[in-house]
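Asks: Just to be clear, the model below is a prediction. Sequence and coordinates:
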Amino acid sequence: MASVSISSHLNKAIRQQYISLPQGGKCQVTYIWIDGTGEGLRNKTRTLDSEPSSIDDIPEWNFDGSSTYQAEGSNSDMYLIPVRMFRDPFSLDPNKLVLCEVLKYNRLPAETNHRAACRDVMEKVKDHCIWFGMEQEYTLFGIDGHPYSWPTNGFPKAQGPFYCGVGADCAYGRDIVECHYKACLYAGVKICGTNAEVMPSQWEFQVGPCEGIEMGDHLWVARFLLHRICEDFGVVVSLDPKPMKGNWNGAGCHTNVSTKQMREAGGLQYIEQAIEKLSKKHSEHIQVYDPHGGADNTRRLTGLHETSSIEDFSAGVANRGASIRIPRQVGQEQKGYFEDRRPAANCDPYAVTKAITTTCLLNLEGTEESK
């Protein structure tokens, strides 16, 4: 029996009785932000007198940064700056979820607010219409720290039947996956697919295409929805890049990239130019592709289990053992996109998309290269 939280056993029918009550024209707005770990998400809710029609209708707020690893108790107030609004799939319309940037007491970005710098870069290259699609892998665990539905003593059968698998002996936790998919669609998150992954209890969802800063916004909210849904089911979602030691696949956040030039006829030459630039900045990218300067990816990027070696840069058509993969269809059509397979599952998408954009589209002075 998988270990699930006690709260998940509460009577959900009783909860629904209250959720369906009228709100008298008021609106609940849940503010979401990234905490001081750079990985965790926090949230709190307030009442507005009416449903906001845009992000401009949602006021700034504040929180105690000393309780989120973001400030000292003697100067703990932090600002929440609303940046993107979504529908709330938990308390339903007219209620909203709002992603926020965090500013310190002096209104400078908090240390784990990578959105501010990413936004500046995306503004510089907006004419390139750069699109991203990110493939978020994750693993389900019981609250006892054991992978969900794995045998209590021992291991499941070897990897092989689980990737895109079906059946009770191959797919563990599909209810969570399907609920998350629908919640993202309801909220307005640009989720575009999902599948079971190679390791049992490991899944993936894809978000995109998103242009510029939109990529990080949508992926972070998709992550929040996943954590919140797993809370309802009483299990824990892990974005650890190598959740289980041994002959088990790790978890990444493969990042697909395409500019306007890459999508046009003959775009393969621009893809190859971008890959050449990325090859010269391999170590710099590894440092920002997980929250711990590459330490997490050291466990994952071993050259085994469909990964490249963290020490070397490589690229190839349809090669899932390379740093950069050019899909076979792109090679045939001579245009499209490339996939950077190095980002870890727990990466900050703002840091990843900023690094890729800077390397591929900006010169050393940080200004836009000629098109």
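Replies: In hand now; what should we look at?

Asks: so what's Trp203 up against?
Replies: Glu137, Tyr138, Thr139, Leu140, Gly173, Val177, Thr194, Asn195, Ala196, Glu197 (CB atoms under 8 Å, 6 or more residues apart in numbering). Placement of C-beta: from N, CA and C, glycine included.

Asks: 10 Å instead, please
Replies: Taking CB atoms under 10 Å, 6 or more residues apart in numbering, we find Trp203 in contact with 136-140, 162, 171-174, 176-177, 180, 194-197, 226, 237, 251.

Asks: swap in Gln70?
Replies: Counted by CB under 10 Å, 6+ apart, Gln70 has contacts 33-37, 42, 63-64, 76, 78, 102, 104, 110-113.

Asks: Glu276 now?
Replies: Contacts of Glu276 (CB under 10 Å, 6+ apart): Ala315, Cys360.

Asks: And the contacts of Gln70, which of them are buried?
Replies: Buried members of these, counted by 16 or more other CB atoms under 10 Å: 33-36, 42, 63, 76, 78, 102, 104, 110, 112-113.

Asks: Using a markdown table, lay out those together with pLDDT.
Replies: Listed next are the buried ones among the contacts of Gln70 as a markdown table, based on pLDDT from 0 to 100:
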| residue | pLDDT |
| --- | --- |
| Trp33 | 98 |
| Ile34 | 98 |
| Asp35 | 98 |
| Gly36 | 97 |
| Arg42 | 98 |
| Phe63 | 97 |
| Ser76 | 91 |
| Met78 | 97 |
| Val102 | 98 |
| Lys104 | 96 |
| Ala110 | 97 |
| Thr112 | 97 |
| Asn113 | 98 |
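
Asks: Out of those residues, which comes closest to Pro52?
Replies: Nearest to Pro52 among the buried ones among the contacts of Gln70, counting by CB to CB, is Trp33 at 17.6 Å.

Asks: Please look at that closest one and Arg84 and confirm they touch.
Replies: No. Between Trp33 and Arg84 there is no contact under CB atoms under 10 Å: 11.9 Å.

Asks: any idea how far the residue nearest to Val198 when sequence neighbours are not counted lies from Ala318?
Replies: Excluding its sequence neighbours, the residue lying closest to Val198 (CB to CB, 6 or more residues apart in numbering) is Asn249, at 4.2 Å. Computed as CB to CB, to the nearest Å, the Asn249 to Ala318 distance reads 18 Å.

Asks: do the same with His114
Replies: Distance from His114 to Ala318, by CB to CB: 32 Å.

Asks: among the buried ones among the contacts of Gln70, which are in helices?
Replies: Among those, no member is found in helices (DSSP state H).

Asks: would you turn those into CSV with distance to Ser53?
Replies: Putting the buried ones among the contacts of Gln70 into CSV (distance: CB to CB, whole Å) gives the following:
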residue, distance to Ser53
Trp33, 22
Ile34, 26
Asp35, 29
Gly36, 33
Arg42, 26
Phe63, 25
Ser76, 33
Met78, 27
Val102, 25
Lys104, 30
Ala110, 28
Thr112, 30
Asn113, 26
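
Asks: where do the strands sit along the stretch 51-200 of the chain?
Replies: 61-64, 77-87, 96-103, 131-141, 191-196 (DSSP state E, counting those that start in this stretch).

Asks: looking at those strands, which is closest to Leu362?
Replies: Using CB to CB, those put strand 131-141 closest to Leu362, at 15.9 Å.

Asks: I'd like the distance from the closest one to the chain centre, please.
Replies: 6 Å (CA atoms, centre = their mean, to the nearest Å).

Asks: now swap in stretch 196-215 and tell me
Replies: 7 Å.

Asks: Quote the end-to-end distance of it.
Replies: Start and end residues of stretch 196-215 are separated by 22 Å (CA to CA, to the nearest Å).

Asks: What residues sit buried inside it?
Replies: Result for stretch 196-215 [16+ other CB under 10 Å]: buried residues 196-210, 212-215.

Asks: Ok, stretch 66-74 next?
Replies: Ser66, Thr68, Gln70, Ala71.

Asks: what does stretch 17-30 give?
Replies: Cys27, Gln28, Val29, Thr30.

Asks: Which ones among those map onto helices?
Replies: Checked against DSSP H, the buried residues of stretch 17-30 include nothing in helices.

Asks: So what's the residue count around Ser50?
Replies: 10 (other CB atoms under 10 Å).

Asks: Backbone dihedrals for it, both of them.
Replies: The phi and psi values for Ser50, taken as degrees, to the nearest 10, are phi -150, psi 170.

Asks: Return the per-residue confidence for it.
Replies: Per-residue pLDDT puts Ser50 at 97.

Asks: just Met1 next, same as before
Replies: Value for Met1, per-residue pLDDT: 51.

Asks: what does Tyr289 give?
Replies: 98.

Asks: Setting aside sequence neighbours, what's the nearest residue to the residue nearest the centre of the chain?
Replies: The residue lying closest to the centre of the chain (CA atoms, centre = their mean) is Leu219, at 4.0 Å. Nearest residue to Leu219, sequence neighbours excluded (CB to CB, 6+ apart): Pro349, at 4.5 Å.

Asks: Please name the residues that touch that neighbour.
Replies: Going by CB under 10 Å, 6+ apart, the list of residues near Pro349 reads 114-115, 118, 132, 134, 136, 207, 210, 213, 215-220, 222-223, 253, 255, 343.

Asks: State the distance from the spatially closest residue to Thr194 that is not a sequence neighbour to Lys157.
Replies: Leaving aside its sequence neighbours, Thr194 sits nearest to Phe205 (CB to CB, 6+ apart; 4.4 Å). Distance of Phe205 to Lys157, computed by CB to CB: 25 Å.

Asks: ok, and the residue nearest to Thr194, which helix or strand is that part of?
Replies: strand 202-211 (DSSP states H and E).

Asks: Pull out the CA atoms of that strand and give them to me as PDB.
Replies: Provided in PDB are the C-alpha atoms of strand 202-211 (Å, rounded to 0.1, in the frame of the first residue of the first chain):
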ATOM      1  CA  GLN A 202       8.000   9.000 -13.400                       C
ATOM      2  CA  TRP A 203       5.900  11.200 -15.800                       C
ATOM      3  CA  GLU A 204       6.400  14.100 -18.000                       C
ATOM      4  CA  PHE A 205       4.300  17.000 -19.200                       C
ATOM      5  CA  GLN A 206       5.200  19.500 -21.900                       C
ATOM      6  CA  VAL A 207       4.400  23.300 -22.000                       C
ATOM      7  CA  GLY A 208       4.700  25.400 -25.100                       C
ATOM      8  CA  PRO A 209       5.200  26.800 -27.500                       C
ATOM      9  CA  CYS A 210       5.600  30.000 -25.400                       C
ATOM     10  CA  GLU A 211       7.200  33.200 -26.600                       C
END
